[in-house]
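**Student:** sharing a model that was predicted from the sequence below.
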Amino acid sequence: MNPLDKLFPKREDCFFSLFRDAVFEHNDKYGYEFEHGKFKRRDRNAGLKEIMAIADIIYAEKIAAKFTLCEPYTDYIALLGVFTRYSRDIYGFRRMSCKLREMTKDLDPAKQEELVNEIINEGADFGFLVPSSRPYIHRQAAVLLYWFSVLKPFSLTIKKGEGTIPDKNIIAYFNEYFAYSLICAGLHAMSVDITLHKNKDYFIEFLNQLHFRSLSRSSLEFFLPSWIEKPKP
């Protein structure tokens with residue numbers, strides 16, 4: 001059995017571990033949970049442990065088994081920052097929508113719907129990066145990949161001794177390479193694959209531009225769809 005399948009008997013849980021709101025609790029219907037009128041906070045430490053369990057499996061399969069002199073390091077504060085900022089960008093609009101419904105729940109249902117829809121329909125003018133309650137999956141991947149490239153929580157060092165090491169590109173762009181692998185694992189659980197790594201020249205240039213932050217969130221959103229496909233049965 002694939003180690004990720006063993007970790008997540010329900011495959012979609014692998015996706016949700018990476019792509020859910022890392023700050024506030026929401027249900028599978030994308031409605032938020034409230035306590036005394038305030039958003040219920042998620043246990044972010046538990047969330048990070050789940051993400052690192054995925055990362056450990058990917059590292060063991062892609063790096064450790066092939067390159068015995070490698071030593072990975074994770075900056076957990078930076079990793080938390082990645083998912084906090086991702087959650088703000090992707091879920092900010094949805095948070096507002098749910099908060100409005102929570103604040104107006106005592107109104108007549110028809111009046112509540114009219115008021116909420118009037119405000120939500122103006123959401124694009126409120127300055128949200130993603131003015132949508134259900135953004136496309138490639139947009140979620142783009143924003144997450146962007147924040148990985150900005151905050152760089154992953155790094156790789158080479159130990160002394162005998163053994164094998166990765167090529168210079170993996171060493172130089174390890175954070176971006178590993179973040180890409182992590183995101184691919186989450187998307188694959190939803191039967192979505194990014195295939196950029198299959199073209200080595202394009203992939204190395206892509207990692208280079210990610211590393212030096214030459215790609216914005218918007219440019220990633222436009223770029224990734226051309227490299228996304230559904231796996232064959």
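**Tutor:** Structure received.
**Student:** lowest-scoring secondary structure element of the protein by mean pLDDT?
**Tutor:** When each helix and strand of the chain is scored by mean pLDDT, DSSP states H and E, helix 109-120 comes last, with a mean of 75.
**Student:** helix/strand/coil for the residue nearest the centre of the chain?
**Tutor:** Geometric centre of the chain, nearest residue: L144, 4.1 Å, by CA atoms, centre = their mean. Put simply, L144 is helix when judged by DSSP: H, G, I helix; E, B strand; the rest coil.
**Student:** touching, it and R88? I think so.
**Tutor:** No - contact criterion CB atoms under 8 Å: L144 and R88 do not qualify, at 11.9 Å. C-beta here means a position set from N, CA and C on the backbone, and glycine is covered the same way.
**Student:** going along the chain, name the helices of the protein.
**Tutor:** Under the criterion DSSP state H, the chain carries helices at the ranges 3-7, 12-19, 44-59, 76-103, 109-120, 137-151, 168-172, 174-188, 200-211, 217-223.
**Student:** and for the fifth one, what's in contact with it?
**Tutor:** Put plainly, it is helix 109-120. Outside helix 109-120, the residues within contact range by CB atoms under 8 Å, 6 or more residues apart in numbering are M96, S97, L100, R101, T104, K105, L107.
**Student:** shouldn't L4 be in contact with I57?
**Tutor:** Yes - using CB under 8 Å, L4 makes contact with I57 at a distance of 5.8 Å.
**Student:** thinking again about what came up before, farthest-separated two in the contacts of helix 109-120?
**Tutor:** M96 and L107 (17.1 Å; CB to CB).
**Student:** higher neighbour count, those two?
**Tutor:** A count of neighbours by other CB atoms under 10 Å puts M96 above the other of M96 and L107, at 18 against 14.
**Student:** now the more buried one: how far from E102?
**Tutor:** As for M96, its distance to E102 is 11 Å (criterion: CB to CB, to the nearest Å).
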